[in-house]
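Trainee: Sequence plus predicted model, see below.
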Amino acid sequence: MNQKRNKTLLRIREFFRLLFRKKITVLALAIFLVLVVMVLLAPVIAPYGYDDQDISRAFTSPCREFLFGTDKLGRDIFSRVLYGGRISLSIGIIATLIASAVGILLGAVSGYYGGWFDNVLMRLFDVLMSMPPILLAIAISASLGNGIMNAALAVIVTAIPMKARLARGQVLTIRSQEYMEAAIATNASTAQIIFRHVLPNILPVIIVQITLTVAGSITTVASLSYLGLGVQAPFPEWGAMLSAGRSYLKDYPYVILAPGIALLLTLFSLNVLGDGIRDALDPRLKD
Amino acid sequence: MENLLKVKQLKKYFDTPGGTLHAVDDINFSLAAGETLGVVGESGCGKSTLGRVVLHLLESTSGQIWFEGKDITHVSRSELRELRKKMQIIFQDPYASVDPRMTISAVIDEPLRNNGMKSRSEREEKVAELMELIGLAKRFTDYYPHELDGGRRQRAVIARALATNPRFIVCDEPVSALDVSIQAQVINLIMELQEKLRLTYMFISHDLSVVKYVSTHIMVMYLGQTVEYAETGDLFAHPVHPYTQALLSAVPIPKLGAQKQRILLKGEITSPIDPKPGCRFAPRCPRACEQCHQEIPALREVADGHMVACHMV
Amino acid sequence: MSEKETLIEVKDLTVHYVLHSGTSEAVNHISLAMKKGETLGLVGETGAGKTTVALSIMGLLPVPPAQVKSGEIIFEGQDILKLSEKEKKKIRGNKISMIFQDPMTALNPIDRVGDQIAEGIMLHQSVSRKEAMQKACDIMEMVGIPAVRYSEYPHQFSGGMKQRIVIAMALVCNPELLIADEPTTALDVTIQAQVLDMINQLKKKLGTSILLITHDFGVVAEMCERVAVIYAGEIVEAGTLEQIFEFTSHPYTQGLFQSLPSLEDSKAKLIPIPGMMPDPADLPEGCKFADRCPVCEERCRKTLPPLAEMEPEHLVRCFRPLKAK
Amino acid sequence: QTSPASEQNNAGQENVAGSTKDTLVYAMSSDPGTVDPYANMALNLRLSTQVVESLVMYDANGDISPQLAESWEYDEDGKGLTVHLRQNVTFSNGDPLTAEDVVYSCEQAMGNPTYVGALGAFDLASVKAVDDNTVYFPLTGVVGTAHYVLSNVFVVNKNTYEENHAVDIIGTGPFIVERYTAGDAITFKANENYWGGAPAIKHLTMRFITEASVRMTELENGTVDMIDSPTAEDINRVIAGESKGISYQESVRAPKVQFVGINTASVPDIKVRQALLYAIDQEAIFKGAYSSLGELGSGILPGGWWYSSETQGNLPYDPEKAKELLAEAGYNESNPLSVRIAYASNLTERAAAAEIIYNELTSVGVNVTLAGSEQAIVTDQLNNTNDYEMFLTNYGNLFEPGSCLKQKLDSTANVIGGSGYFRYGGTEFGDQIDAKLAEALATADDVERAKIYQQIQDDIADYAISKSFVDQKDYGLMTESLQGVWWQPNPCFKEAAFH
Amino acid sequence: MARYIGKRVLTMIPVLIGVSLLIFLLLELAPGDAAQSILGDYASEESLNELREEMGLNDPLIVQYGRFMKDLLLKGDLGNSYQTGRPVLETILERYPMTILVAILAVIATALLGVTTGLLSAVKQYSWIDNICTVIGMIGVSSPSFFTGLILIFIFSGKLGWLPASGSYGPQYFILPIITMAFGSCASQMRMTRSAMLEVMRQDYIRTAKAKGQGDKKIVFHHELRNALVPIITVIGQQAGVLLGGAMIVEQIFSIPGVGKLMIDSIGTRDYPMVRGGVLFIALSFSVVNLLVDLAYSTVDPRIRSQLVHQSKKKKGASA
Ligand SMILES: Nc1ncnc2c1ncn2[C@@H]1O[C@H](COP(=O)(O)OP(=O)(O)OP(=O)(O)O)[C@@H](O)[C@H]1O
Ligand SMILES: Nc1ncnc2c1ncn2[C@@H]1O[C@H](COP(=O)(O)OP(=O)(O)OP(=O)(O)O)[C@@H](O)[C@H]1O
Ligand SMILES: [Mg+2]
Ligand SMILES: [Mg+2]
């Protein structure tokens, strides 16, 4: 068993070696970790609350006291960006996880069983996917009304079909592998097959997808908020901050640059990481 | 001898975009316990499909299968579970046939777990026992398949097949992917196990010399159909069907001056999709006549236990 | 037949694949010589380095990771390895051409097969497009494929036909050397027989020399005049067909023969070679075969036996060769 | 591709070359989708008033001056209004303007409830033509300021309206619709036969540019000559003279009062309502959200407007008092008051106001939920549910003040729920207000009537249902060379010219 | 082939029916009252009810849906906008060409940019060019279009005054929006080109071509790129779909009068007929793009071509 652990360790080391082959991936991971830590420690790091208003200090330029300046209501943008990250990241991650869990399971089951279930589901997804995702998200969140939950729901619903498609395709590939047949020949039950063979084997692809989807979800939520459909005041979601600050771009660029760059960095690190993981997991690209 | 497996008028058709594909078309044979049926034929002639249908990995289109005297053509779920403990399969590609994410012990453990062996220690013991049986050193327990060479992987696959103490194993080209030196190791292992465990094999291969080495009986298939069936010695000594003869003559012999009279066939195996009436081999047959293009020849006994499907003999 | 003039000579070729995970010593100090019009069989197990030798001759080694550590390949008085890329292109497909193992993947799936044949003609001969097409048609007929199928795509052909097209492509410029890397391994025996037969006929007609890479002694027996057995990147035995088959001297070669089931004498027990080929990234010192050798001694593990000439043309790399003429 | 802007660009070049520029490009925030004045009462009037004229108009001082109506007189009993039309006015298609056109227009207005409210002073169904040039408007009561309402009677051509009104309407105005490119722009050309004399601007383009910052950029780049709905920051900068070459125009009247209201049905306790209003700092919102533009809000009607009460007003900002009152009403930390505020979150200023209120109410211990949505959803919520305690909205003051008050406060008026978003319909208070409104309408004496209206405003203030932040004006920014633009309450270009 | 196209067009129908149903359901869920939207804030309950009755809003959903489909199928009528009273179809058709124009330009820009950089970084794998392309592409995908757009306007229109910030009156007007879109999507094109190229480069037939003595350039363009086209086309198709559907936010920011902006505006004002019509139109163009992509495959790849022919043959057999 010890040997097994060693082997696992070795595999992990190999994975990281491949992952860090490109300097940019290292950079991305560093950015991401710093962002996550800062966002997690927001209550500690942030010098002000995210909603500490003081009209008298509206639009203070960045200075020692207010690192990124203040907004129209005199709130400290640095603190708001930190707290906003909590919202953006947690929606991104939670929505992605839910969408992935549901999507993958649906896709795996429908790919595995085929038949009418598969047919119905795929037709449904055809319908959902025949609209641009952002339009679907807008339609959903406009129908359900504003708010964090509804925005998250819109993101989830738009992400599920893609996850399911992906999982289904993977399952179909794996299903035709001989080891699946071998498992069936040894009386493996469907659940065993899905959980022991199918899911672990599609995991790498899924992990990559998840990193990239987190980025996508954050973008979607930010876009919704930007259009006034997503997260509502006073929560400082980045897209909402951009939306509220966009009129002041010319006079007070820091009002939108701060959340904009935070958003950009987050998405950049996630995208690069996802890409790096994909490369690292792709056996064809080894060395 | 008791018939362990009997197959009658077995057919398996696939629906494909191009039409109905006759992968297995009216196959009959019976196989006694302890014997090995060698199945040879060109790529795509339905060998693997036949094996899979017998094992219920694919449902037959029509025909009947008996196993241990029982009709198993249609079985319930629970019967199938029991059946699968007794019938196993070894695939050609030892890489594709094991889950790349499982360690060797997990691979061998899988059938034990799936077939209700609950206790962990018991299973570990059994895995160790099986690994010893097939000659895999203990240190490979936690290796992943890709860390092993083909020969060892194939041993693990054999161990997995043996885990439920089956009586019958379909070996679907178990050595074609291996190098000659390794191939010999595995063939020897398969033969030893047969003796030790009184196993019955259906041994699929396109390598005639291997089939000849391991089988007691041989069935030559062409486009889903049996063209000749005989005891091994008999078949090699007196091949009757023109296809068998051509096949035998085409095998290059690793001996100096072994050059025999080659029967070179024209063309290649035709499409099994919606085959034309008549003998399937007729388009390539050097001896084909009018009748061959009209009727499918029936499988007839031409000598004791030697069956041939040809109008011309 | 030994009087014929030498066509190509590989001298002391060493090729390594340098990877992060280790260096694969794929080919080590291999020397080969081929005469005009002759067929040389290069036999060995998976990973022995056969393809690497072939690619070195073609100048097609994947450059990283492959590195030529030493050696030269003399063809027409020049060292191919030292030629510029441009000069190599002139030789490739023209004087030396190659057939790859898998006909299924060797053809560009989206080009008409005829065009793929004509491509080589237009590259090396100053002919018009039309002439090239005509020539392609001719050669298609020659390998037994009706010229009317010029405009079809690879997926419309069966494996054997594709392999014939690949062969036609290789022969289209009358090369002096044809390297055939396991040309029939992917084919059924009856088709293999057709293809081998065809290669033989073409060879007779065109006088091309053939470097035939295979692991099948049956094919060797049928096609070759001389044989080199390669093990873990080294030649362990080389000689004429007769020398190798009748006077097998290296324990490895003998092991290979003994592990083959035979069609002729049915119940001879198979004697497998125990163990497996060493990892080319981690080769032992001494004789590479020592671990699996039934007659291995102490010194075999320490020092690499030289490739000794047992008799003219019969070379064996073993301290204890089995037998000689 | 011929386009309004390229024409404008050409004109711009001409300008450089020294000849006079006669093309004006105006940028507004969104495409109303129609030039029909009777489609709904919003931005469409910015377009339609270029083409279609009302009977009277507001002049630069905010006073009524004749337009299509030349003169008018009230009946003896004050219950009717006779309007004399200007002579020799023709529509741009050559049809003469007749009294029948006015009657026809009133019929169109009847089909639109917004106008039914806006024209509430008139008994629309009974408007009739006395002769070709005279129209008689019966009134619903004694409305001394009814002639102001004539500014909302837009006269369309009875012969062509039916066929063409959405993107190509025929009017008597200074401009003629040339082309309407949905979502992009509408172009007008000068009506050379305009009764008031052909305008100096020969081509008028109104572009729809969503982003305020982009509109401003275009103005600064000179690709647009005038913009509406600028950001408060831009306006302040222009007012302060910090933007070179850009001047501004403000509407003389404050057409809007921005305020927070309380749903009396969800918050029946007057102490709680007072507490909520005490907790809100009107000035902070005026400054923080509205950037101190316009006048600090003084009540339901804009300060200094006809009938506006001087004694009425907002409760002062007194958070301590608010806490006290809340405690008296039985709310404390363990049992906080929960308040849901409905507002249109796509309006940035209102959203900022909501955030300030959130902060202020939270600091007196109220548990606040901001329920911001798009306007359409908020409207639905306020009309059809009781799912809110407070709301942010504005009163439009496009009409005559009596109608304004009636429309806002009458619990039997045609607003859903009976009494608007305050929900006091059916209560004693509601009946009281209704009675006073009726009384005002029946009062012929102007001074008396004004008193009643002021009384109503004081009652409302005492009932503690709203606090206004700002009497808001509309602003337009333009290049300095553009002069003679009116903003009443829509931009009017008939006397505009580049200098 | 025609048969295949016919078949594909037929299969679009259920998808479009599904889309219309979905959007009907979604809008039913939505708060906001159509009658209210039309009549405005001060409408009376009676007039609202009257209008609802007139518009059939009081009928069960399924009846409303049936009526909608009937009008659509029999009269090609998508209803009238609540907001402007104009026929929805007319408005959409007016706005559609702009969206198509922008989408096509953006697709071309994306493809040009993405394919070239992808090709470069595949051919020069791990070189500095590869790295720079990757980084820039990654920044592109990571910058939400509303941010990119605002910044571009800020710089190029606001600060430098080089390019117009809004409108669609000439070639220069499209530069910023197209850059915004291409910047955001060229990374996936590049990524796909790169990996498809790397995949193809490892194929045996490339080795065969080299063995013929073929030159590098010819190998890259004739053999490799052509074979990599299928996945590249897939991505182009996906992007074309998305962009055709209206690069909604970009249209919004740059005030381009396309369908995307129309959709955002209509959703904002709860102009349901417009939303329904727009979504249907977008879904339709999505399906058409998918069909075009499949047809493009078949021109590129003879294997797919013969598959298509096969499939439609089978269909013929089945119906006979
Ligand atoms: N699941 C399937 N669906 C459709 N056709 C199939 C399926 N499985 C096999 N076939 C077809 O059935 C025929 C027989 O296939 P089978 O795999 O049994 O051949 P085989 O003799 O085992 O060939 P090989 O030597 O290549 O393994 C082939 O033409 C194959 O394409
Ligand atoms: N591109 C490569 N990168 C890394 N290692 C390689 C590469 N190509 C070959 N090798 C290694 O070099 C050794 C020799 O390979 P080669 O392909 O020459 O063997 P071969 O004799 O042709 O085998 P086969 O019979 O399987 O074709 C093997 O260990 C192989 O893993
Ligand atoms: Mg098979
Ligand atoms: Mg090889």
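Mentor: Yes, it's here. Ligands and ions are numbered 1, 2, ... in the order given.
Trainee: Pretty sure residue E:196 sits in a helix.
Mentor: Yes - with DSSP: H, G, I helix; E, B strand; the rest coil as the criterion, residue E:196 is part of a helix.
Trainee: contacting residues around it?
Mentor: Applying CB atoms under 8 Å, 6 or more residues apart in numbering or on different chains, one finds that residue E:196 lies in contact with E:228, E:230, E:231, E:232. C-betas here are computed from N, CA, C, even on glycine.
Trainee: which element is residue E:279 on?
Mentor: Residue E:279 is located in helix E:272-300, with elements delineated by DSSP states H and E.
Trainee: list the buried ones in that helix?
Mentor: Judged by neighbour count (16 or more other CB atoms under 10 Å in any protein chain shown), helix E:272-300 contains these buried residues: E:272-291, E:293-298, E:300.
Trainee: low-scoring pLDDT stretches of chain C, where are they?
Mentor: Scanning chain C with the threshold set as pLDDT under 70 gives C:1-4, C:265-268, C:324-325.
Trainee: Could you count how many residues lie near residue D:471?
Mentor: For residue D:471, the neighbour count with other CB atoms under 10 Å in any protein chain shown is 27.
Trainee: Kindly report the same for residue E:13.
Mentor: The number of residues packed around residue E:13, counting by other CB under 10 Å, is 10.
Trainee: now it: how far from residue C:191?
Mentor: Applying CB to CB, to the nearest Å, one obtains 47 Å for the distance of residue E:13 from residue C:191.
Trainee: ditto for residue C:107
Mentor: 16 Å.
Trainee: what sits against the most centrally placed residue in chain A?
Mentor: Among the residues of chain A, residue A:214 comes closest to the average C-alpha position under CA atoms, centre = their mean, at 0.7 Å. Residues touching residue A:214, when contacts are defined by CB under 8 Å, 6+ apart, comprise A:92, A:93, A:96, A:270.
Trainee: Look at the closest residue to residue C:176 other than its chain neighbours and say how many residues are nearby.
Mentor: The shortest distance from residue C:176 to any residue that is not its chain neighbour, by CB to CB, 6 or more residues apart in numbering or on different chains, is 5.1 Å, and that residue is residue C:95. Residue C:95 is surrounded by 18 other residues when neighbours are defined as other CB under 10 Å.
Trainee: Residue C:95 and residue C:75 touch, don't they?
Mentor: Yes - at 7.5 Å, residue C:95 counts as touching residue C:75 under the criterion of CB atoms under 8 Å.
Trainee: Name the residues contacting each of the two.
Mentor: Common neighbours of residue C:95 and residue C:75 (criterion: CB under 8 Å, 6+ apart): residue C:177.
Trainee: center of chain C, which residue is that?
Mentor: Most central in chain C under CA atoms, centre = their mean is residue C:213, positioned 2.7 Å from the mean C-alpha point.
Trainee: helices or strands next to the helix or strand where it lies in the packing?
Mentor: If you go by DSSP H and E, residue C:213 is part of strand C:209-214. Counting contacts by 3 or more CB pairs under 8 Å, 6 or more residues apart in numbering or on different chains; DSSP states H and E, the secondary-structure elements packed against strand C:209-214 are strand C:22-35, strand C:39-44, helix C:50-58, strand C:177-181, helix C:217-223.
Trainee: run the last query once more with 7 Å
Mentor: With contacts defined as 3 or more CB pairs under 7 Å, 6 or more residues apart in numbering or on different chains; DSSP states H and E, strand C:209-214 has these neighbours: strand C:39-44, helix C:50-58, strand C:177-181.
Trainee: who touches that strand?
Mentor: C:7, C:34, C:36-43, C:50-51, C:54, C:176-182, C:203, C:220, C:223-224 (CB atoms under 7 Å, 6 or more residues apart in numbering or on different chains).
Trainee: Apply 6 Å and report the result again.
Mentor: Strand C:209-214 is contacted from outside by C:7, C:34, C:36-42, C:50, C:177-182, C:223-224, using CB atoms under 6 Å, 6 or more residues apart in numbering or on different chains.
Trainee: what do you get for stretch D:347-364?
Mentor: If you take CB under 6 Å, 6+ apart as the criterion, stretch D:347-364 is touched by A:51, A:53, A:233-234, D:279-281, D:284-285, D:288-290, D:319, D:322-323, D:341, D:343-345, D:368, D:370, D:392.
Trainee: Apply 7 Å and report the result again.
Mentor: Here stretch D:347-364 makes contact (CB under 7 Å, 6+ apart) with A:51, A:53, A:72-73, A:233-234, A:244, A:247, D:260, D:276, D:279-281, D:284-285, D:288-290, D:319, D:322-323, D:326, D:339, D:341, D:343-345, D:368, D:370, D:372, D:392, D:469.
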